[in-house]
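K.L.:
got a predicted structure plus its sequence, pasted below:
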Amino acid sequence: MKLSNRTAVVTGGVAGIGLAAVEQFCLEGARVVIGDVSEEQGYQTEERLNGEGYSVTFMKADVSSEADVEALIKKADDTYGSVDILFANAGIGDTTAAHELELDKWNKLMDVNLNGVFLSNKHALQYMLEQENGGAIINNASILGHVGQDSITSYSAAKGAVVNMTRTLGVTYAQKGIRVNAVCPGYVETPLLGESMDKEAINQLAQAHPIGRLAQPEEIAKAVTFLASDDASFMIGSSMMVDGGYTAQ
């Protein structure tokens, strides 16, 4: 029970990596507040996990809205008395090449994948700075924050910014007892991937990983749980690659 008596906030927590992290946090003893735009799925997840004996609260929240993010973090503190862990996971995908990419589409992705991470960090930090035990923040970046890939323009730009923002926040708050790190998944079998790429492209991606397959959400969630726990007590501003060898090539 590595996260016993801790409160975790997970954005984008109703599917994929986010849901797997919520479930893993629960298994390790955390109380979890889920923020997501998918209201029906959110309340279903809340009901299911509470029925299994865990402490889970859902709140509809769009991470591109500062008011929503502020309310989500406050909900965690009001409900459970602390904000100990943040997994800033919410994100959307896009595969448009730069010469075809409309500014509105670029801005939409940045609002979620970069601004949403910043806002989540900002408001969680405000609570963590007031707590005796600080806290742990894990930002969901990507291998595409470190390497390029054909046509994935806005997504790569946002994830690269998340990686470097994580470094800066890690350095800034290290002596305040707050650890800020990022997890950088390779390609994962999630609904987001299926929405952005066809089956043939996904199969090619699987073979691009030396391990010869895509990741399962639970594999990423276990790395996130490690970063949230005291086992990662000497990790500051790091980007943990969980990528089946993709960036080792």
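P.N.:
In hand now; what should we look at?
K.L.:
name the residues that touch the longest helix along the chain?
P.N.:
Ordering each helix of the chain by length in residues (DSSP state H) puts helix 153-173 first. Contacts to helix 153-173, defined as C-beta atoms under 8 Å, 6 or more residues apart in numbering, come from residues 93-98, 101, 105-106, 109-110, 113-114, 117-118, 121, 125, 128-129, 134, 137, 139-142, 144-146, 148-149, 179-182, 184, 236-239. In short, each C-beta sits where N, CA and C put it, glycine included.
K.L.:
now swap in stretch 193-209 and tell me
P.N.:
Outside stretch 193-209, the residues within contact range by C-beta under 8 Å, 6+ apart are 93, 94, 95, 186, 187, 212, 213, 214, 243, 244, 245, 246.
K.L.:
do that again at 6 Å, thanks
P.N.:
Stretch 193-209 is touched from outside by 93, 95, 186, 187, 213, 214, 244, 246, with contacts defined as C-beta atoms under 6 Å, 6 or more residues apart in numbering.
K.L.:
follow-up on the earlier one: which of the contacts of helix 153-173 are buried?
P.N.:
Neighbour counting with 16 or more other C-beta atoms under 10 Å marks 93-94, 96, 101, 106, 109-110, 113-114, 117-118, 121, 125, 128, 134, 137, 139-142, 144-146, 179-182, 184, 236-239 as buried within these.
K.L.:
which ones among the residues you listed map onto helices?
P.N.:
Using DSSP H, the members of these that fall within helices are 106, 109, 110, 117, 118, 121, 125, 128.
K.L.:
and those residues, which two are the farthest apart?
P.N.:
106 and 128 (31.3 Å; C-beta to C-beta).
K.L.:
biggest strand in this structure, by residue count?
P.N.:
When every strand of the chain is counted residue by residue (DSSP state E), the longest turns out to be strand 178-185.
K.L.:
same for it, what does it pack against?
P.N.:
Packing partners of strand 178-185 (3 or more C-beta pairs under 6 Å, 6 or more residues apart in numbering; DSSP states H and E): strand 135-140, helix 153-173, helix 217-228, strand 239-242.
K.L.:
I appreciate the help and will end here.
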